[in-house]
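S.K.: Quick one, structure for this:
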Amino acid sequence: MSSLSTILDRHLRRYPLLEARDIYKLLHQGAFGPGHMMASAEEARTALEDEVRSRKLEGRRQNGRPEELVAEIEPRGKLVRVNLRPMLERGGGMKDRGGRADAEWLVEVMVESARRVERDPKLMKRRLTAAVRWCRKYLPAEAAELERLSAQAEESGYPAFHHSPAYTRAYRPAYRVILSDCLKRRASGREQPAGRLSREAVVAGR
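M.R.: Numbering: from 1, shown residues only. Have a look, this model is predicted:
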């Protein structure tokens, strides 16, 4: 497991144009999971398939380095971002037997992750407070804005925000947030076939 400061350090090195909104989004995903993206499994599948087919996912390097397949987003190691470009480029255990990106698997684990992760506003508040302190030390230009966003978000029940325009232009973020244990199951070969996700599997691990 990594500390929140270590995770923020790592993201700042990879994404030097990181702004307060991007830090908020990172913490939101780590506290609430992918639930805000899951209007329905069918919509999630369609959005993913459209993104996989788009030119948006052509190869890209970040700060001179290849994009990482999996990125930690919270200190417990419970949730991660799976970046779609490296998933398509080298599979990383996430392609089907025909060598194609296994979108169905990713949709199913998003659904499972959304069901299993419970919203935790108190955790979000604590992490935002810690992130403001981190910003004052390492990203002072964003500290006041993150503090303002934190207060505004608390009053609104911590809604999800988009990435900042500068971050979006520079890095074209394309990822999905899932539980890390789903990824470990996949890598170990113990993942169930697509379309076979049982209710017991969804409930397990709460």
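S.K.: just checking, residue 157 touches residue 32?
M.R.: No - counting by C-beta atoms under 8 Å, residue 157 does not reach residue 32; the two are 10.6 Å apart. All C-beta spots, glycine's among them, are computed from the backbone N, C-alpha and C.
S.K.: what helices or strands is the helix or strand where residue 186 lies leaning on?
M.R.: Using DSSP states H and E, residue 186 maps to helix 180-188. Secondary-structure packing of helix 180-188 (3 or more C-beta pairs under 8 Å, 6 or more residues apart in numbering; DSSP states H and E): strand 79-83, helix 103-116.
S.K.: so where's the chain uncertain?
M.R.: Along the chain, segments meeting pLDDT under 70 span 1, 36-39, 55-64, 90-103, 187-206.
S.K.: repeat that for 90
M.R.: Low-confidence segments of the chain, defined by pLDDT under 90, are located at 1-2, 34-69, 84-119, 182-206.
S.K.: For the lengthiest helix in it, list every residue counted as buried.
M.R.: If you go by DSSP state H, the chain has its longest helix at helix 121-138. Counting neighbours by 16 or more other C-beta atoms under 10 Å, one finds that the buried residues in helix 121-138 are 123-125, 127-128, 130-132, 134-135.
S.K.: and what of stretch 27-37?
M.R.: Buried, per 16+ other C-beta under 10 Å, within stretch 27-37: 27-35, 37.
S.K.: Kindly reformat those as a markdown table containing secondary structure and distance to residue 13.
M.R.: Putting the buried residues of stretch 27-37 into a markdown table (DSSP: H, G, I helix; E, B strand; the rest coil; distance: C-beta to C-beta, whole Å) gives the following:
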| residue | secondary structure | distance to residue 13 |
| --- | --- | --- |
| 27 | helix | 18 |
| 28 | helix | 21 |
| 29 | helix | 19 |
| 30 | helix | 18 |
| 31 | helix | 23 |
| 32 | helix | 25 |
| 33 | coil | 25 |
| 34 | coil | 25 |
| 35 | helix | 29 |
| 37 | helix | 26 |
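S.K.: mind checking which helix or strand the residue lying closest to residue 159 once chain neighbours are set aside is in?
M.R.: Nearest non-adjacent residue to residue 159, counting by C-beta to C-beta, 6 or more residues apart in numbering: residue 153, 6.5 Å away. Using DSSP H and E, residue 153 maps to helix 140-155.
S.K.: what sits up against the next helix or strand after that helix?
M.R.: Counting by DSSP H and E, the next helix or strand C-terminal to helix 140-155 is helix 165-171. Contact partners of helix 165-171, identified using C-beta atoms under 8 Å, 6 or more residues apart in numbering, comprise 15, 17-19, 21-22, 60, 62, 162, 173.
S.K.: Point out the ones among those residues that are inside helices.
M.R.: Using DSSP H, these in helices are 21-22.
S.K.: of all the contacts of helix 165-171, which two lie farthest apart?
M.R.: 21 and 60 (20.6 Å; C-beta to C-beta).
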